[in-house]
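Trainee: Build the 3D model from these lines:
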Amino acid sequence: MQDAGPAIDFDAFLLLVGRLNYTWTNTESLLIHFIAGLSRVDKETATVIFLTLNTTRARIDLVERLSKLDRVSAEERDCILSLTKRIQGQSSLRNRYNHCIYAFDSEGGSPRSILMRIADRKDRLVMGQVNTLDLAAARGVDEAIGALQQINQDIWQAISDLGYPQ
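Mentor: Sure, this is the predicted structure:
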């Protein structure tokens, strides 16, 4: 467990996680434009493809694989792969607060998140990673929101530069 830093207001933290989810979903939905441009289909068809894939990982895999087709220029491929890598770079923190339960200290200590995921190691399982929800955690979420907002803007710029359906 992380060392507890300054306490935070749990309701304010949940609002921050809500903003993270909103920003994430907004940014992930821009993959529709990449699917449309790379697949050479209209946005409506790309939306059906996007919605048929039910995980972020599957959507990013599709975009990355399409960008690696021989018909895609190296410049276009590099641009798209750079952006999908940046999205993936934000997924760990998002997953931490979306795939967890929240625990509270009966004596008024800082709330904690407990990750609901199993990590397979060489000879053991690791479960229930605990993180204290303190000001450092809130700053991390706020920084992730800012990073996603910048990725969002950069994707829109790429969509325009590449002439993909808007």
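
Trainee: Identify the bridge partners of Asn131.
Mentor: Ser113 (DSSP bridges).

Trainee: residues in contact with the nearest residue to His99 once chain neighbours are set aside?
Mentor: Leaving aside its sequence neighbours, His99 sits nearest to Met116 (C-beta to C-beta, 6 or more residues apart in numbering; 5.3 Å). No exception for glycine: its C-beta is placed from N, CA and C like everyone else's. Contacts for Met116 (C-beta atoms under 8 Å, 6 or more residues apart in numbering) come out as His99, Cys100, Ile101, Gly128.

Trainee: Let me see the confidence value for Met116.
Mentor: Among the per-residue scores, Met116 shows a pLDDT of 79.

Trainee: Tell me how far it lies from Ala58.
Mentor: Note on Met116: its distance to Ala58, by C-beta to C-beta, to the nearest Å, is 21 Å.

Trainee: For Tyr97, give me its contacts.
Mentor: Val17, Leu20, Ser113, Val141.

Trainee: what's the farthest-apart pair in those?
Mentor: Leu20 and Ser113 (12.8 Å; C-beta to C-beta).

Trainee: Tell me where this protein has strands.
Mentor: Secondary structure of the chain (DSSP state E): strands located at 100-103, 112-115, 118-120, 125-127, 130-132.

Trainee: Ser73: which of those strands is closest?
Mentor: strand 118-120 (38.4 Å).

Trainee: Go through that closest one and flag the buried ones.
Mentor: Within strand 118-120, no residue qualifies as buried by neighbour count (16 or more other C-beta atoms under 10 Å).

Trainee: for stretch 69-89, same thing?
Mentor: When burial is assessed from 16+ other C-beta under 10 Å, stretch 69-89 yields the following buried residues: Val72, Glu76, Arg77, Cys79, Ile80, Leu83, Thr84, Arg86, Ile87.
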